[in-house]
Structures are given as C-alpha cells and as structure tokens.
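Engineer: Mind looking at a prediction? Sequence and model below.
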Amino acid sequence: MRLSEERVAVVARRITNNLLDEELIDLEIDEDGFKSLVENLILRDMKIEGEIDEEATAFLLKSKPNIEEGSTAWNIELERIKEDLSVARGYVAY
C-alpha cells in the first residue's frame, strides 16, 4: 500500500473537514462516521489498485520474461496491462 493506515486517516480527516467547512455536504450521520466511511473508501480503493498492480506484474513476469524489469519497455507494458485489468474489473484509476 502506498500510504500507511495512519496517513489515510489524516487524508480522510482533511477531506471530510474541507467538505464540511465549505458546506458542500449535509450529513445525516455523525462526522466521525462520515470520516470513517471516507477512510474505508480510500483503503478499499488502494487495495484494489494494489491487487491490480500485483496481478499485472505477475502476468508481465510470466508472459514477457525477456523485458528488463524497470526499463521503459517494462513500464509501458505494465501500464497497458494494468489498464486492461482495470477495465476488466470496472475499476477507474485516477
């Protein structure tokens, strides 16, 4: 995971505070519950992204062992495979 759970909690708190400060949302739940929902959403998204990355790396290592890991060709192929896997899962990467 790119961010620790503690860092995700900080990001979620900042997002919720900004949304509330700017009055962009009306809550029907308490603020802590809303922060928890945002935090869980971020963690779930990062988990899916990590799974796609692992799956793409494994596929590339198996299907194209002659490409040097970390090379430009590797990175291009890896991004292409990740995009294909994302589309297949209905996941939109930002």
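Structural biologist: Alright, I've got the coordinates.
Engineer: pLDDT weak spots in this protein?
Structural biologist: 1, 93-94 (pLDDT under 70).
Engineer: Pick out the residue nearest the middle of it.
Structural biologist: residue 46 (3.1 Å; CA atoms, centre = their mean).
Engineer: so that one makes contact with residue 7?
Structural biologist: No. The criterion here is CB atoms under 8 Å, and residue 46 misses it with residue 7 at 10.5 Å. C-betas here are computed from N, CA, C, even on glycine.
Engineer: other SSEs contacting the longest helix along the chain?
Structural biologist: Counting residues, the longest helix found in the chain (DSSP state H) is helix 31-63. For helix 31-63, the packing partners by 3 or more CB pairs under 8 Å, 6 or more residues apart in numbering; DSSP states H and E come out as helix 5-21, helix 72-89.
Engineer: And for the longest one, what's in contact with it?
Structural biologist: By CB atoms under 8 Å, 6 or more residues apart in numbering, the list of residues contacting helix 72-89 from outside reads 48, 52-53, 55-57, 59-60, 64, 67-68, 92-93.
Engineer: how big is the angle separating that helix from helix 31-63?
Structural biologist: For helix 72-89 against helix 31-63, the angle by axes from the mean of the first three to the mean of the last three CA atoms, to 10 degrees is 120 degrees.
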